[in-house]
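Engineer: The following comprises the amino acid sequence and a computationally predicted model.
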Amino acid sequence: MTTPTQTTAPKASFIALLPLFLFLALFIGAGVYFQSQGVDFAFYQLPSVIAILPAIILAIVISKEKLNQSIETFIGGIGHSNIIAMCLIYLLAGAFASVAKATGGVDATVALGLSLVPSNLLLPGFFVIAAFIATAMGTSMGTIAAVAPIALGVAEEAQIDLALMAGAVISGALFGDNLSIISDTTIAATRTQGCEMKDKFRENLIFAIPASLITLVVFTLAGQGQAEVAPQQIDFLKVIPYLTILVLAVAGLNVFVVLTVGILLAGITGFATLDYGLIQFGKDIYTGFSNMQEIFILSMLVGGLAALMQQQGGLAFVSKQIEKLIVRFSSAKGEASTRASELGMAGIVALTNTCVANNTVSIVVTGDIAKDLAEKHEVTPKRAASIMDIFSCIIQGLIPYGAQALLIASTFSISPLQAVAHAWYCMILAIVAIAIVVLRKRH
């Protein structure tokens, strides 16, 4: 993509942010309205890809450019290489998840996990199962959908508080969503910050390992009752695709290759163990593509809207305000510190996610601002990507109107507030992450 040479940076403008506020007002307003009417999944009644359309129209209307030029700017944002690469990875990740589920990979992985859980450690055990599956699948929603029904049955048999078990499953699912190299949040964070997925994965471990260990201890101490889980028939062959993509991803292989290999392996296991043919394989791949439709379209539209806001000075305005805060709280005389910059990134992505209830969208919307801060204050791309992903996932696991809380609450027949109140990993990760950002020494 060729970009016109800019002789001067866009002048900071609050007005340029009005389209974003309109998008948030429509999306959140509709959610609040439907919630007051007692509608299930209230914040998902108005599709985000529809809510953003009036915002795009407003951005074009208030632009000081000519109409044709404004549309060119919008299209240029959609066609940015980061956006296109992100969307292609979404498609491959969706295809892998769909084929692996259709060929029994999810069930086999859950069965393997259950076979390894001691009967007196069910809460920490389900945290680990959900964490492993989410890391392999790259989706917290898919993990909750697969694990929650089993966790519910076990919790009822063992007389474990349902909210506690729901919290353990959400916690594990968000652990994997944050850490997985094929998660849409990881894809968005690494593409917007310009770093390798393996580097972001390793950086995330600095935060995730201590937080997960503390979480395991907490869920172990909170454990109630026990139940003998019926023996599960384990098909190790069907677990191979998940294990393979984990190993290849950590080894640093290109993500497009990793996902392609995963799709092929999942298909091969279906050919070998099931009555599964090439036509069905193709249909399942297409189903995976279709499952990514909303985030695919939304990422492109957000990319176009961000380009318009950037051209009009909206992102410059936000960056300038954060810059002032960073300087104010910076310990470095006359210069904003790296530490304050990292906290600024964490704050803006957390606030955005609180508004839009979608961790991927919050990363895409604030990605350019975070990258600008990182470049100015010597934050490495891998650290910036890690912080963006971590704090968006923290908020996603703690908002009762998020898709994860709504899904598990409906499965367990409890209030979403009860579920997020026990999502202890997200709370612990927040404390650990802030502590590391504040206390970690930098060279």
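Structural biologist: Nice, thanks for sending it over.

Engineer: how close does Leu152 get to Phe41?
Structural biologist: Leu152 sits 19 Å away from Phe41, going by Cβ to Cβ, to the nearest Å. (C-beta placed from N, C-alpha, C; glycine too.)

Engineer: For these two, indicate the residue with more neighbours.
Structural biologist: Leu152 (18 against 14; other Cβ atoms under 10 Å).

Engineer: Quick check: that one touching Met165?
Structural biologist: Yes - at 7.2 Å, Leu152 counts as touching Met165 under the criterion of Cβ atoms under 8 Å.

Engineer: Mind listing the shared neighbours of these two?
Structural biologist: Phe412 (Cβ atoms under 8 Å, 6 or more residues apart in numbering).

Engineer: Spatially central residue in this structure, please.
Structural biologist: The chain has Thr185 as the residue nearest its centroid, 3.4 Å off, counting by Cα atoms, centre = their mean.

Engineer: What helix or strand is it located in?
Structural biologist: Assigned by DSSP states H and E, Thr185 belongs to helix 184-193.

Engineer: Can you list the neighbours in contact with that helix?
Structural biologist: Under Cβ under 8 Å, 6+ apart, the answer for helix 184-193 is 82-83, 85-86, 89-90, 93, 138-139, 177-180, 196-197, 200-201, 255, 295, 299, 359-360, 363-364, 367-368, 370-371, 374, 381-382, 384-386, 388-389, 392-393.

Engineer: Narrow those residues to those that are buried.
Structural biologist: For those, a burial check counting by 16 or more other Cβ atoms under 10 Å picks out 82-83, 86, 89-90, 93, 138-139, 177-180, 196-197, 200-201, 255, 295, 299, 359-360, 363-364, 367-368, 370-371, 374, 381-382, 384-386, 388-389, 392-393.

Engineer: Restricted to helices, list those residues.
Structural biologist: Applying DSSP state H to those, the entries found in helices are 82-83, 86, 89-90, 93, 177-179, 197, 200-201, 255, 295, 299, 359-360, 363-364, 367-368, 370-371, 374, 381-382, 384-386, 388-389, 392-393.

Engineer: In contact with the spatially closest residue to Ser48 that is not a sequence neighbour, which residues?
Structural biologist: With sequence-adjacent residues excluded and distances taken as Cβ to Cβ, 6 or more residues apart in numbering, Ser48 is closest to Leu298, at 5.4 Å. Applying Cβ under 8 Å, 6+ apart to Leu298 gives the contacts 48-49, 52, 361.

Engineer: Switch the residues you listed over to JSON lines; also include distance to Ile428 and pLDDT.
Structural biologist: As requested, the contacts of Leu298 are arranged in JSON lines below (distance: Cβ to Cβ, whole Å; pLDDT from 0 to 100):
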{"residue": "Ser48", "distance to Ile428": "29", "pLDDT": "79"}
{"residue": "Val49", "distance to Ile428": "34", "pLDDT": "86"}
{"residue": "Ile52", "distance to Ile428": "34", "pLDDT": "88"}
{"residue": "Val361", "distance to Ile428": "25", "pLDDT": "78"}
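
Engineer: got these as JSON lines, with secondary structure and neighbour count columns?
Structural biologist: Shown next, in JSON lines, are the contacts of Leu298 (DSSP: H, G, I helix; E, B strand; the rest coil; neighbours: other Cβ atoms under 10 Å):
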{"residue": "Ser48", "secondary structure": "helix", "neighbour count": "21"}
{"residue": "Val49", "secondary structure": "helix", "neighbour count": "17"}
{"residue": "Ile52", "secondary structure": "helix", "neighbour count": "25"}
{"residue": "Val361", "secondary structure": "helix", "neighbour count": "25"}
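
Engineer: Identify the farthest-apart pair in the residues you listed.
Structural biologist: Taking Cβ to Cβ, the two most distant members of the contacts of Leu298 are Val49 and Val361; they sit 10.4 Å apart.

Engineer: Below-threshold pLDDT in the stretch 251-400 of the chain: ranges please.
Structural biologist: Low-confidence regions of the stretch 251-400 of the chain, defined by pLDDT under 70, span residues 251-252, 315, 319, 323, 326-337, 355-357.

Engineer: all strands for it, in order.
Structural biologist: Here the stretch 251-400 of the chain has no strands by DSSP state E, counting those that start in this stretch.

Engineer: How many residues are close by Ala272?
Structural biologist: 11.

Engineer: Then the one 5 residues further on?
Structural biologist: Using other Cβ under 10 Å, the number of residues around Gly277 comes to 12.

Engineer: Check Gln37 too.
Structural biologist: A count of nearby residues for Gln37, using other Cβ under 10 Å, gives 9.

Engineer: residues in contact with it?
Structural biologist: Gln37 neighbours (Cβ under 8 Å, 6+ apart): none.

Engineer: phi, psi of Gly79?
Structural biologist: Note on Gly79: backbone dihedrals following degrees, to the nearest 10 are phi -90, psi 10.

Engineer: Can you give me the neighbour number for it?
Structural biologist: Neighbour tally, Gly79, other Cβ under 10 Å: 14.

Engineer: gap between it and Gly304?
Structural biologist: Taking Cβ to Cβ as the measure, Gly79 falls 9 Å from Gly304.

Engineer: What distance do you get for Arg191 to Gly303?
Structural biologist: 10 Å.

Engineer: Also Leu264?
Structural biologist: 30 Å.

Engineer: Just want to know which of those two has more residues nearby.
Structural biologist: Using other Cβ under 10 Å, the more surrounded residue of Leu264 and Gly303 is Gly303, with 26 against 15.

Engineer: how close does the residue lying closest to Phe256 once chain neighbours are set aside get to Glu375?
Structural biologist: Leaving aside its sequence neighbours, Phe256 sits nearest to Leu92 (Cβ to Cβ, 6+ apart; 6.7 Å). Distance, Leu92 to Glu375, using Cβ to Cβ: 29 Å.

Engineer: and the two? which has more neighbours close in?
Structural biologist: Leu92 (23 against 14).

Engineer: I figured that one was touching Ala266, is that so?
Structural biologist: No - with contact defined as Cβ under 8 Å, Leu92 does not count as touching Ala266 (11.8 Å).

Engineer: Name the helix or strand for Ala146, please.
Structural biologist: Secondary structure from DSSP H and E places Ala146 in helix 140-158.

Engineer: In terms of secondary structure, what does that helix contact?
Structural biologist: helix 81-102, helix 105-115, helix 122-137, helix 162-179, helix 403-412 (3 or more Cβ pairs under 8 Å, 6 or more residues apart in numbering; DSSP states H and E).

Engineer: Tell me which of those is the most buried.
Structural biologist: helix 162-179 (a mean of 29; mean count of other Cβ atoms under 10 Å).

Engineer: Distance from that helix to the middle of the chain?
Structural biologist: 13 Å (Cα atoms, centre = their mean, to the nearest Å).

Engineer: now stretch 378-392
Structural biologist: 13 Å.

Engineer: low-scoring pLDDT stretches of the stretch 51-200 of the chain, where are they?
Structural biologist: Ranges of the stretch 51-200 of the chain meeting pLDDT under 70: 82, 110, 113-114.
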